[in-house]
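[1] With the sequence up front, the predicted model follows.
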Amino acid sequence: MAEDVDMLTLRNWAVCGDVLNPAKAASSVVSTLQGGGKTVYLVDPRSPAGSGPGTFQDLKGIGGGIEALNLCVNSKLGLGLIKQAKEMGVRHVFVQPGAGSKEIEEFAKDNGMAYRTGCVIVEMTGSHFNSHL
């Protein structure tokens, strides 16, 4: 199992979802993490590679250095992403509401990854998502 640390203290995050669409939660998660001084890699598995500045289609394009994976995607996509994360040595997974599944949770736990559910926006700012739109 990954060491017992508060995930929100980690510095390097990959946020996976519709990260370039300001109307989507993934974009707000990116803004919240960046506002908290985190380095954030943007991953949109549904977009063509390089569809936006600094955006990746998968985790492998980042190359390394990710401490925490944040999932804001359909759980079918999320399962593939968590498997990539494991291959890359990522040890912490934070799953936003609606992005989780039993398979994702079991994969994380079976592979010694720290697994957390919740909302980064609420936990880092104490506010609700709608107040950021």
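    In hand now; what should we look at?

[2] all contacts plus neighbour counts: C-alpha atoms, from now on.
    Will do.

[3] and Gly61, how many residues sit next to it?
    By the measure other CA atoms under 10 Å, the count of residues near Gly61 is 12.

[4] Give me the below-cutoff pLDDT ranges for this structure.
    1-4, 49-53, 127-133 (pLDDT under 70).

[5] center of this protein - which residue?
    Asn70 (1.4 Å; CA atoms, centre = their mean).

[6] That residue pairs with what?
    Val15, Phe94 (DSSP bridges).

[7] can you give me the helices in the protein?
    Listed from the start of the chain, the chain has helices (DSSP state H) covering 25-35, 75-87, 102-110, 120-125.

[8] from those, which stretch is densest packed?
    helix 25-35 (a mean of 21; mean count of other CA atoms under 10 Å).

[9] Which strands and helices lie in contact with it?
    Contacting helix 25-35 under the criterion 3 or more CA pairs under 8 Å, 6 or more residues apart in numbering; DSSP states H and E are the following elements: strand 12-16, strand 39-43, helix 120-125.

[10] Of the ones you listed, give the one that comes closest to Leu81.
    Closest to Leu81 of those, according to CA to CA: strand 12-16, at 8.2 Å.

[11] got a list of contacts for the closest one?
    26, 29-30, 38-45, 59, 65-73 (CA atoms under 8 Å, 6 or more residues apart in numbering).

[12] go on, stretch 109-129?
    1-4, 8, 25, 28-29, 32-33, 36, 86, 90-97, 100, 105, 108.

[13] Pull that stretch out as PDB, backbone CA atoms only.
    The C-alpha trace of stretch 109-129 is given here as PDB (Å, rounded to 0.1, in the frame of the first residue of the first chain):
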ATOM      1  CA  LYS A 109      -6.200  -1.500  -3.600                       C
ATOM      2  CA  ASP A 110      -5.000  -4.800  -5.200                       C
ATOM      3  CA  ASN A 111      -2.000  -2.900  -6.600                       C
ATOM      4  CA  GLY A 112      -1.000  -1.000  -3.400                       C
ATOM      5  CA  MET A 113      -2.200   2.300  -4.600                       C
ATOM      6  CA  ALA A 114      -3.800   4.800  -2.100                       C
ATOM      7  CA  TYR A 115      -7.400   5.300  -3.200                       C
ATOM      8  CA  ARG A 116      -9.600   8.300  -2.200                       C
ATOM      9  CA  THR A 117     -13.000   9.500  -3.300                       C
ATOM     10  CA  GLY A 118     -14.400  13.000  -2.900                       C
ATOM     11  CA  CYS A 119     -14.200  16.400  -4.600                       C
ATOM     12  CA  VAL A 120     -10.900  18.200  -4.800                       C
ATOM     13  CA  ILE A 121     -12.600  21.500  -5.200                       C
ATOM     14  CA  VAL A 122     -14.600  21.100  -2.000                       C
ATOM     15  CA  GLU A 123     -11.800  19.700   0.000                       C
ATOM     16  CA  MET A 124      -9.200  22.300  -1.000                       C
ATOM     17  CA  THR A 125     -11.500  25.400  -0.900                       C
ATOM     18  CA  GLY A 126     -14.400  24.400   1.400                       C
ATOM     19  CA  SER A 127     -16.800  25.500  -1.300                       C
ATOM     20  CA  HIS A 128     -19.100  23.800  -3.600                       C
ATOM     21  CA  PHE A 129     -18.400  23.200  -7.300                       C
END
